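A.B. asks: The sequence and its predicted three-dimensional model are supplied below.
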Amino acid sequence: MEISLKNSLGLLVRAKLGFSWTMFLFGVFVPLIRGDTKWFFISLILAILTFGCSWFVLPFFYNKVYVRNLLLSGFTPIDTYSKEVLIENGIIYDSSKKVINISKQKNQNNMIILIICLFLTFILSVVYWNIRQNIAQKEVEAIITKLERQEEVETMLKGMVWGKEQ
């Protein structure tokens, strides 16, 4: 669903709601391109902390967060379709058909869900990192053991060769 928003200076922004395929494919660069510096740094820090796994969580939330930030910075829907879509998605509510207010309770609930998802992503990233470290450590130990056996065989063969020559 694409909506159109306009600010008091006449700047028109078309924004989509729902899953953000651009965020999924391009990650932290999407907020940077859109001029959303706050979420650029948030997504960059999360990508670093979660070893990139936050790229699989943020696309579910980013478009909604981006539209909310636009509304908070003074943008308003330019047509009834955009207004209805925002009301249906719980981003705004229309109390008197004149003033559009941001639904703070839904915003707080969605932020809590976002924080929980990112926390779980961080935990899964740490577990994944530990598993990879353990596998790598076992591979190194196997290589060392193989090299030690190879050295033993070489020493044994040298001893056999030296024994025959004498």
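C.D. replies: Noted; the coordinates are in hand.
A.B. asks: Could you count how many residues lie near Ala142?
C.D. replies: By the criterion of other C-beta atoms under 10 Å, Ala142 has 10 neighbours. Bear in mind the C-beta positions are built from the backbone N, C-alpha and C, glycine included.
A.B. asks: The longest helix along the chain packs against which elements?
C.D. replies: As assigned by DSSP state H, the longest helix anywhere in the chain is helix 104-165. With contacts taken as 3 or more C-beta pairs under 8 Å, 6 or more residues apart in numbering; DSSP states H and E, helix 104-165 sits against helix 37-49, helix 62-72.
A.B. asks: how far is that helix from where the chain is centred?
C.D. replies: 24 Å (C-alpha atoms, centre = their mean, to the nearest Å).
A.B. asks: Next, the angle from it to helix 37-49.
C.D. replies: On the basis of axes from the mean of the first three to the mean of the last three C-alpha atoms, to 10 degrees, helix 104-165 is oriented at 30 degrees to helix 37-49.
A.B. asks: Tell me where this structure is predicted with low confidence.
C.D. replies: By pLDDT under 70, the weakly predicted segments of the chain are 93-110, 160-166.
A.B. asks: The same query, at a cut-off of 80, please.
C.D. replies: 1, 87-115, 117-118, 153-166 (pLDDT under 80).
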